[in-house]
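fold the following.
(4 chains)
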2 protein chains.
Amino acid sequence: MTQTEQAEARPRLGRKRDHTRDPEILDAALDVLAETGYDGMTIDLVAARAKAGKATVYRRWSSKADLVLDAVACMKGSDLDLDSLPDTGTLRGDLVAMVKPPSIRDSERKLKVMAGIVSMIARNPELAAAAHEALVEPRAAVNRVFFQRAIDRGEVRADLDVEKLCMVGPAMVAYRTLMLRIPVDREFLIANIDEIILPAAGLRGA
Amino acid sequence: MTQTEQAEARPRLGRKRDHTRDPEILDAALDVLAETGYDGMTIDLVAARAKAGKATVYRRWSSKADLVLDAVACMKGSDLDLDSLPDTGTLRGDLVAMVKPPSIRDSERKLKVMAGIVSMIARNPELAAAAHEALVEPRAAVNRVFFQRAIDRGEVRADLDVEKLCMVGPAMVAYRTLMLRIPVDREFLIANIDEIILPAAGLRGA
DNA sequence: CATATACGAGACTGAGCAGTTCCGGAAAGG
DNA sequence: CCTTTCCGGAACTGCTCAGTCTCGTATATG
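Numbers count the residues shown, from 1 in each chain, chains lettered A, B, ... in the order given. From the prediction side, this is the model:
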């Protein structure tokens, strides 16, 4: 909702804009953002990575800030569908089912992007909202479904602090990646589920 | 160990360096770093904040990177002494005793500084080490003491994953501050202890 | 085929900033 | 009192980069 609207009903002359380049440029922007951070990211770098000219970038986004905002916002779609989540019948099964290489890679990229814009976010509410919507909320939403299911089937107490419990996994992963700089692997995630999340939910600790 | 050594045994001539300015400049650097992030921080800004000249800064630190490294490293001292921690006799008492305005403010500043250098840290191992030493490890160390005490007195099981449990509090606080952009208050910290950390440690969840 | 816009590539401009140097004055030592 | 190094302040230099513009070429409408 940043730039890409108002494209319809324009009887323009001349060569048409090649919209297949849009996602390629956004993706290049995210790559550079993840590698160098917001301030290290230059439009030349992004354009080169996308094999595009600088003018081609500025024809679509009016500024670097605008490009980054759109790039972050467009990560939102890359998530799992909330209606087609694994349903194993147990909270542990559901949580463990999410521990898969594609999911780990996805979350790793998101965290690198997040790291690149963290310092920006404090002074840019629009970017903060986009980042929350695209990077933070989807992950919590998945966990929220799992915990609600567990409550509904009576597996865990109904008065759990679900909002906090949803954050435990993402928070631990973010902390390990951004603060401790240790790569996240399957072993860590499983241990995190078994040693922290499930006991906190009142399971297995008995 | 960045610059301030080699000060001894130098029979120099002329006016002596005013070393009372050193911590003032470092503190100004941390303020600006927390407010604007690494790339937004300019030496002019730091010098102005410390009411110092730019030359006075560069006489002490050879570069911006060097100044930031030293500033971060020097935050290490501002921590509680591990030998004089509160000892209330229960894990909950110890954890709750750390929830005090000065401690919250301290941790807030550290997180703002961390936010300002996160994207830097991935490409600067020296800074990463300093940040870990000064911002991450001290907080974990405090929790480690509390959990070890609880194990020693038989309050909790001895086979707990203490390393992970130590991270839960800091991770949740960092997540809430940096990702969710919600200020941390006493209520959140207490709820975090009662709803997440203690249950995860096998207490109160029964 | 004329016109208008798109493309990649790259030159150009202007601002901001790291780092240096100079100033007038202060404090130390010889 | 002369020299040296410090101080705060400010001018200066050189580079990087956001954003603009131009060139040669491709592709659309009329």
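
and A:Ser84, how close does it get to A:Val145?
Distance, A:Ser84 to A:Val145, using CB to CB, to the nearest Å: 11 Å. Quick note: C-beta positions are derived from backbone N, CA and C, even for glycine.

neighbour count for these two, which is higher?
Neighbours were counted for A:Ser84 and for A:Val145 using other CB atoms under 10 Å in any protein chain shown; A:Val145 has more, 16 against 7.

which SSE is the more buried one in?
helix A:137-152 (DSSP states H and E).

buried residues, that helix. List them.
The neighbour-count check on helix A:137-152 (16 or more other CB atoms under 10 Å in any protein chain shown) flags A:137-140, A:142-147, A:149-151 as buried.

repeat for stretch A:154-167
Buried, per 16+ other CB under 10 Å, within stretch A:154-167: A:155-156, A:160-162, A:164-167.

SS state for whatever residue of chain A ends up closest to DNA strand C?
Relative to DNA strand C, the nearest point of chain A is A:Gly14 (2.4 Å; CB to the nearest atom of the strand). Each residue gets one of three states, and A:Gly14 gets coil by DSSP: H, G, I helix; E, B strand; the rest coil.

swap in the one 3 residues further on?
For A:Arg17, the assignment made with three-state DSSP gives coil.

quick revisit: right, is the helix holding A:Val145 up against chain B?
No - legend: contact between helix A:137-152 and chain B by CB under 8 Å from any CB of the partner chain is lacking; minimum distance shown is 9.4 Å.

and the helix or strand hosting A:Ala129, what does it pack against?
Here A:Ala129, judged by DSSP H and E, is contained in helix A:125-131. Applying 3 or more CB pairs under 8 Å, 6 or more residues apart in numbering or on different chains; DSSP states H and E, we find helix A:125-131 packed against helix A:64-73, helix A:101-121.

so what's the residue most central in space within chain A up against?
In chain A, the residue lying closest to the centroid (CA atoms, centre = their mean) is A:Leu135, at 2.9 Å. When contacts are counted by CB atoms under 8 Å, 6 or more residues apart in numbering or on different chains, A:Leu135 is found next to A:72, A:75, A:110, A:113-114, B:179.

near DNA strand C, which residues of chain A are found?
A:12-18, A:21, A:48, A:50-56, A:59 (CB under 7 Å from any atom of the strand).

what subset of these is also close to DNA strand D?
Applying CB under 7 Å from any atom of the strand to these, those adjacent to DNA strand D are A:13-16, A:53-55.

ok, the residues you listed vs A:Ile196, which is closest?
Comparing these against A:Ile196 with CB to CB picks out A:Lys54 as the nearest, at 47.2 Å.

phi and psi next, for the nearest residue to A:Glu195 once chain neighbours are set aside.
The spatial neighbour of A:Glu195 that comes closest, neighbours along the chain excluded (CB to CB, 6 or more residues apart in numbering or on different chains), is B:Asp161 at 4.2 Å. Backbone geometry at B:Asp161, expressed as degrees, to the nearest 10, gives phi -80, psi 80.

touching, A:Gln148 and A:Leu160? I think so.
No - with contact defined as CB atoms under 8 Å, A:Gln148 does not reach A:Leu160; the gap is 10.1 Å.

who's sitting farthest from the centroid in chain A?
Outermost residue of chain A (CA atoms, centre = their mean): A:Leu13, 38.5 Å.

need the pLDDT of that one.
At A:Leu13, the predicted lDDT confidence score is 86.

what about A:Gly37, how many residues close to it?
Count around A:Gly37 with other CB under 10 Å applied: 26.

appreciated, that's everything.
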